[in-house]
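Visitor: I'd like to go over a predicted model; first the sequence, then the structure.
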Amino acid sequence: MWKGASVTYRAAVVGAGPSGLYAADALASAGAQVDVIERLPVPFGLVRYGVAPDHFSIRSVRDTLAKVLARPEVRLLAGVEVGSDVSVAELVDAYDAVVLTYGASRDRHLDVPGEDLRGSVAATDLVNWYCGHPDADRATIEAALSAATSVVVVGVGNVAVDVARVLVAPASRLDATDMPQHVLDVVESSGITDVHILGRRTAAHANWTTKELRELGELDGVDVVCQPVELVSEPVADKLDEEDRVVHRNLEVLHEWSQREPTGAPKRIHLHFHARPHELLGDGRVETVVVERTRVDDDGSAHGTGETWELPAQLVVRSVGYRGLPLEDVPFDSRRNVVRNEEGRVVDESGAQVPGLYVAGWIKRGPSGIIGTNKKDAAATVAHLLEDLEGAEPKGGDGIVPLLAERGVVPVGLEGWHAVDAAERSLGGTRGRDRTTIHERQALLDAARSI
Ligand code: NAP
């Protein structure tokens, strides 16, 4: 292994989210010098721009990841886009090994008529907006939110739960978060009273985890409405209930809610199963979702029954999963939307390994698991990388830093990130909060360069 060896290898990690920083940590622990290259001017990926702002303990993973960035072997090169500022081929030339961990940032489509009406948005875009992502489309999301009283969220995963909760959460819960002030103002002044969550299969097939589901029932001023008819017993669901502890606990929560009397709270979250969007209707903007009743076969697949009903909605959020995007010159499996790989080693279509190129996280295995899943996943990739490098001659040099200088690209380093961090804390302090996320790219760059 590298540790204690007389040679020093230099590796590049593309992406400063949890997978990238866990990979950097494993590489640094093996004695390598690591450049972490990040497209955005700030690190932490989905921990900053995906984990819901009111999930304080999950977001605190950031402190662990910050320690990786502070390691002397690790160098942050943020604000550098692979594919435009530097190519993958140039990275492979400049480093002994390159680990791609750029995630799965794109939304997936429903493929139903009316999906492109105004007011129909992807959860990825809404989440980006409420987390203060520099690429968020403020105008579209804020216009959709300001017109909404009734919302339909399609999909029954943890992102759907996050979105539903944030849209109706009481101000007392959101005030303590680091959401940008304009986001807080819009959410807190919105007229949303009802959020309908649609699952196309049975309640037992929902992907959410029990802790996240249960939180919906703990929101002040919000009733969760789950009619007993949504939970009718059927063989395919009963089998899952028996075999899977998480499913069993989820169903317990749902059954308990189905017996609750509504308290008359001002806001409601309604849960529907066997329900998939058939069509979105409206004059220029969405007004109604036509929902089709489904039946679920013994193999778990959902089929339309032709029976439809309607839900009023001025905002429709499709929360049906994320997908990864290809990167130029990197073999891509377009069926699974991941970089083609075998246990983290990038391979071409014939299965031959692409020398020096590795992958970890969502772009390796698809968008699944919790943050901690990425630690094991990154360590497994790095173990293969170390095996492959054993005995190789280090390339030497200073990675892509000279190339960036030639091209006039000025990366944000650790000191720049610390300056952004200080600026966000100080902005938060003006409103009695720990921090407020700065959301504009230029403001982030200005803060980073203020040192
Ligand atoms: P997900 O768990 O894959 O859920 C996607 C949902 O969309 C599923 O219910 C799926 O139903 C449904 N769906 C897919 N295509 C559909 C269609 N055409 N029509 C209707 N429904 C459709 O994805 P996610 O919620 O985006 O979460 C991504 C990952 O991040 C997960 O691993 C999640 O646990 C994690 N995450 C964790 C947390 C947390 O721990 N607090 C928070 C957020 C996200 P089918 O099952 O029928 O396909």
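Guide: It's in.

Visitor: residue ranges of the helices in the stretch 151-300 of the chain, please?
Guide: 158-168, 171-174, 181-189, 210-216, 235-243, 245-259 (DSSP state H, counting those that start in this stretch).

Visitor: Next, see if the helix or strand bottoming out on mean pLDDT in the chain gets close to the ligand.
Guide: Taking mean pLDDT, DSSP states H and E as the measure, the chain has strand 106-107 as its least confident helix or strand, at a mean of 90. No. Applying C-beta under 6 Å from any ligand atom, one finds strand 106-107 out of contact with the ligand, separated by at least 9.1 Å. For glycine as for every other residue, the C-beta is placed from the backbone atoms N, C-alpha and C.

Visitor: which neighbours does that strand have in its sheet, and in what orientation?
Guide: Applying DSSP bridges to the sheet, strand 106-107 is found paired with strand 322-323 (antiparallel).

Visitor: name the helices or strands packed onto the next helix or strand after the strand it pairs with?
Guide: Going down the chain from strand 322-323, the next helix or strand is strand 332-333, by DSSP states H and E. Under the contact criterion of 3 or more C-beta pairs under 8 Å, 6 or more residues apart in numbering; DSSP states H and E, strand 332-333 touches strand 338-339.

Visitor: Name the next helix or strand downstream of the strand it packs on, please.
Guide: With secondary structure assigned by DSSP H and E, strand 338-339 is succeeded by strand 341-342.

Visitor: what comes up buried for whatever helix or strand Ile58 lives in?
Guide: Using DSSP H and E, Ile58 sits in helix 56-59. Residues of helix 56-59 classed as buried under the neighbour-count rule (16 or more other C-beta atoms under 10 Å) are 58-59.

Visitor: which strands and helices sit next to the following helix or strand past it?
Guide: For helix 56-59, the following helix or strand on the C-terminal side (DSSP H and E) is helix 61-69. Under the contact criterion of 3+ C-beta pairs under 8 Å, 6+ apart, helix 61-69 touches helix 18-29, helix 45-49.

Visitor: Would you pull up the residue in this protein closest to the ligand?
Guide: Gly157 (2.3 Å; C-beta to the nearest ligand atom).

Visitor: from memory that residue sits against Pro367, does it?
Guide: No. Using C-beta atoms under 8 Å as the test, Gly157 is too far from Pro367 to be in contact (9.4 Å).

Visitor: which residues do the two both contact?
Guide: Here Gly157 and Pro367 have Gly321 as joint contacts, going by C-beta atoms under 8 Å, 6 or more residues apart in numbering.

Visitor: residues from the stretch 151-300 of the chain in reach of the ligand?
Guide: Checking the stretch 151-300 of the chain against the ligand by C-beta under 6 Å from any ligand atom, the hits are 154-160, 162, 199-201, 205, 207, 209, 212, 276.

Visitor: Mind doing that once more with 5 Å?
Guide: Within the stretch 151-300 of the chain, the positions lying close to the ligand (C-beta under 5 Å from any ligand atom) are 155-159, 200-201, 207, 212.

Visitor: The stretch 351-451 of the chain now?
Guide: Residues of the stretch 351-451 of the chain lying near the ligand (C-beta under 5 Å from any ligand atom): 367-368, 370.

Visitor: looking at the residues you listed, which has the most residues close by?
Guide: Pro367 (22 neighbours; other C-beta atoms under 10 Å).

Visitor: dump the residue contacts of it.
Guide: If you count contacts by C-beta under 8 Å, 6+ apart, then Pro367 has 104, 321-324 around it.

Visitor: same thing but at 10 Å, please
Guide: The contact partners of Pro367, taken as C-beta atoms under 10 Å, 6 or more residues apart in numbering, are 46, 50, 103-106, 108, 157, 159, 321-324, 337-338, 361.

Visitor: Which among the residues you listed count as buried?
Guide: 46, 50, 103-105, 108, 157, 159, 321-324, 337-338, 361.

Visitor: re the thing from before, go through the residues of the stretch 351-451 of the chain next to the ligand and name the one nearest Asp298.
Guide: Ser368 (24.0 Å; C-beta to C-beta).

Visitor: Skip the chain neighbours and tell me the closest residue to the closest one.
Guide: Spatial nearest neighbour of Ser368, chain neighbours left out: Trp362 (7.7 Å); criterion: C-beta to C-beta, 6 or more residues apart in numbering.

Visitor: cool, Val222 as well?
Guide: Using C-beta to C-beta, 6+ apart, the closest residue to Val222 is Lys267 (4.6 Å).

Visitor: correct me, but the one you found touches Val168?
Guide: Yes. Lys267 is within contact range of Val168, at 4.5 Å (criterion: C-beta atoms under 10 Å).

Visitor: out of these two, which sits in the busier spot?
Guide: Val168 (22 against 17).

Visitor: wait, what's in contact with that one?
Guide: With C-beta under 10 Å, 6+ apart, Val168 has these contacts: 151, 187, 190, 192-195, 216, 219, 221-222, 265-269.

Visitor: Can you list which of the residues you listed are found in strands?
Guide: Mapping those onto strands (DSSP state E) picks out 151, 194-195, 222, 267-269.

Visitor: Tell me which two of the residues you listed sit farthest apart.
Guide: Between any two of the ones in strands among the contacts of Val168 (C-beta to C-beta), the greatest distance is 12.8 Å, for Val151 and Val222.

Visitor: Which strand residues bridge the nearest residue to Gly264 once chain neighbours are set aside?
Guide: Spatial nearest neighbour of Gly264, excluding adjacent residues (C-beta to C-beta, 6+ apart): Asp223 at 7.6 Å. Beta-bridge partners recorded for Asp223 (DSSP bridges): Arg268.

Visitor: next one: the strand or helix carrying Glu90 to chain centre, how far?
Guide: Element membership for Glu90, per DSSP H and E: helix 88-94. Counting by C-alpha atoms, centre = their mean, to the nearest Å, helix 88-94 is centred 27 Å from the centre of its parent chain.

Visitor: Setting aside sequence neighbours, what's the nearest residue to the one residue sitting closest to the centre of the chain?
Guide: The centre of the chain sits closest to Gly50, judged by C-alpha atoms, centre = their mean, with a distance of 4.1 Å. Distances taken as C-beta to C-beta, 6+ apart place Val127 nearest to Gly50, at 6.2 Å, with adjacent residues excluded.

Visitor: I figured the one you found was touching Val183, is that so?
Guide: No. Look at Val127 against Val183 with C-beta under 10 Å: they stay out of range, at 11.1 Å.

Visitor: any common contacting residues for these two?
Guide: With C-beta under 10 Å, 6+ apart as the test, Val127 and Val183 both reach 53, 136, 166.

Visitor: Relative to Thr308, which of the residues you listed is nearest.
Guide: Out of these, the member with the shortest distance to Thr308 (by C-beta to C-beta) is Val166, at 29.1 Å.

Visitor: pLDDT value on the closest one, please?
Guide: pLDDT recorded at Val166 is 98.

Visitor: I figured it was touching Tyr130, is that so?
Guide: Yes. Contact criterion C-beta under 10 Å: Val166 and Tyr130 qualify, at 5.7 Å.
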